[in-house]
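Chemist: what's the 3D shape of this:
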Amino acid sequence: MTVVKLSRRNQMVLPKAAREALGVKPGGRLLVLIEGKSVRLIPEPEDWSEWIYGLGAEVWKSQGGGEAFLKGERGSWEKQN
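Modeler: Next comes the predicted model:
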């Protein structure tokens, strides 16, 4: 654990140990994720498509998967005609 101090402009220096752990270099970008009263820093993904791939998989699975969704959608189309 390291304590950092905010400047008058609300800026801080990211400690060396944190920079090394995150693998960021000068000019690198970080995502700031706020979860309640906690904040997480993660390096910005190089490939956003790859980073978000699979998000929501648990939701799809709990709903019966993509095939169940398509079946329901197609069924609703038939009811309209």
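Chemist: drop to CA atoms for contacts and neighbour counts, all remaining ones
Modeler: Fine.
Chemist: what bits of this structure have low per-residue confidence?
Modeler: 80-81 (pLDDT under 70).
Chemist: what ranges do the helices span in it?
Modeler: In the chain, the helices defined using DSSP state H lie at 16-22, 48-52, 57-62, 65-80.
Chemist: how much space between the residue nearest to Pro45 when sequence neighbours are not counted and Pro26?
Modeler: The shortest distance from Pro45 to any non-neighbouring residue, by CA to CA, 6 or more residues apart in numbering, is to Trp51 (6.4 Å). Separation of Trp51 from Pro26 (CA to CA, to the nearest Å): 22 Å.
Chemist: who's more crowded, the two?
Modeler: Trp51 (11 against 6; other CA atoms under 10 Å).
Chemist: about what we covered before: and the helices of the chain as JSON lines, adding distance to Leu41?
Modeler: Below are the helices of the chain laid out as JSON lines (distance: least, CA to CA, whole Å):
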{"stretch": "helix 16-22", "distance to Leu41": "8"}
{"stretch": "helix 48-52", "distance to Leu41": "15"}
{"stretch": "helix 57-62", "distance to Leu41": "24"}
{"stretch": "helix 65-80", "distance to Leu41": "32"}
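Chemist: what's the domain layout of the protein?
Modeler: What automatic domain parsing lists as the domains of the chain is 1-44, 46-81.
Chemist: how far does the first one stretch from one end to the other?
Modeler: What that stands for is domain 1-44. OK, domain 1-44 end separation, CA to CA: 23 Å.
Chemist: show me how far it is from its chain's centre.
Modeler: 16 Å (CA atoms, centre = their mean, to the nearest Å).
Chemist: quick one: closest of the helices of the chain to Ser38.
Modeler: Ser38 lies closest, by CA to CA, to one member of these: helix 16-22, at 16.1 Å.
Chemist: helices and strands around the closest one, which ones?
Modeler: Applying 3 or more CA pairs under 8 Å, 6 or more residues apart in numbering; DSSP states H and E, one finds that helix 16-22 makes contact with no other helix or strand.
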